[in-house]
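Trainee: curious how this folds, go ahead:
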Amino acid sequence: MKNWKEIIHQQTFRYIDHTAKKEFASEPYTAMTSFAVDDALATSASDGQSPPSVRLWVHPDTVVLGIPDLRVPNLEKGVRQLQYLGYHVVVRNSGGLAVVLDDGVLNISLVLPDVRHISIHDCYEAMVSLIKSMLSDVTNDIEAYEIVGSYCPGDYDLSIGGKKFAGISQRRIKHAAAIQIYLDVSGNSQARAAAVRDFYHVSVHGEVTKFAYPDVLPEKMASLSELLDIDLSVEDMKKRVLTTLQSLSSEIITPPFSEKEMHVFQTRMGQMKKRNEKIMALLSGE
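Mentor: Modelled structure (predicted):
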């Protein structure tokens, strides 16, 4: 097993801060756009056109569904419930189930080239260790294991004292990987969890399903600010990301997207729109 520094310690890192974006390549900057952007970065890294990258992104009031969520018996009712609560709804192209994004949630994408001989497990561990390093001055209590009762539960839930504040997914394209994490930095974690809980209550509605959807317990979720009892913000966490990157790399670069990357983005964005056709139709009442 490779340790995290062996995986992500590099001479050069590409740093991309998209937290204040309003549009990208003339597309409205939504969570759907972000997944297409990460695909473009992973393709570029795989082709040797881009070094390892870290990208930061934030999207307001969005519930990101996983592919299994589209198979709930009463999807339209569940989507309408989220829309009533004021959430945008999109379907991602990476693994997992529903998660909530808003202005208090920082997303970090770690894009690594040439992962052919690096296991999925080790890539997850690299992200876990990156987050632990970012927060090492304020806590040594971060653990990675499935938090039953959280939304989008998985083996790499990050928690403190049994309460989840982050979840990780991974998407591989050709020879590269995009490891994506959401960090619940501040805000009302219990309200976020309640929104996902109610989505499943309405959309599953007690019916027997082949897939085991989570029974979400809001008390199993908390923000870093709450768990550490300090006033953390997304801006604070962005600084921690950059400081940690600087400790791992001798050079941080911020090049614009190349023409080829833009072309790949447009292709991937078209695929994301296709993937979201059903949800968009439900939201528009078609």
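
Trainee: helices or strands up against the longest strand seen in the chain?
Mentor: Taking DSSP state E as the criterion, the chain has its longest strand at strand 163-173. Strand 163-173 sits against helix 31-46, helix 120-134, strand 158-160, strand 176-184, helix 224-228, with contacts defined as 3 or more CB pairs under 8 Å, 6 or more residues apart in numbering; DSSP states H and E. Backbone N, C-alpha and C define where each C-beta goes, glycine included.

Trainee: which residues in this protein form helices?
Mentor: 4-8, 31-46, 75-84, 120-134, 189-204, 224-228, 234-248, 259-275, 277-284 (DSSP state H).

Trainee: of all the ones you listed, which one is nearest residue 178?
Mentor: Of all the helices of the chain, helix 31-46 sits nearest to residue 178, with 4.5 Å by CB to CB.

Trainee: now the longest strand of the chain, how far from the chain's geometric center?
Mentor: 6 Å (CA atoms, centre = their mean, to the nearest Å).

Trainee: now it against helix 189-204, angle please.
Mentor: 60 degrees (axes from the mean of the first three to the mean of the last three CA atoms, to 10 degrees).

Trainee: return the set of buried residues in strand 163-173.
Mentor: 163, 164, 165, 166, 167, 168, 169, 170, 171, 172, 173 (16 or more other CB atoms under 10 Å).

Trainee: coming back round to it: how about JSON lines for the helices and strands packed on strand 163-173, with mean neighbour count added?
Mentor: JSON lines is the format used below for these (neighbours: other CB atoms under 10 Å):
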{"stretch": "helix 31-46", "mean neighbour count": "25"}
{"stretch": "helix 120-134", "mean neighbour count": "19"}
{"stretch": "strand 158-160", "mean neighbour count": "22"}
{"stretch": "strand 176-184", "mean neighbour count": "25"}
{"stretch": "helix 224-228", "mean neighbour count": "20"}
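
Trainee: next, give phi and psi for the residue lying closest to residue 155 once chain neighbours are set aside.
Mentor: Spatial nearest neighbour of residue 155, chain neighbours left out: residue 146 (5.5 Å); criterion: CB to CB, 6 or more residues apart in numbering. Phi and psi for residue 146, reported as degrees, to the nearest 10, are phi -70, psi 130.
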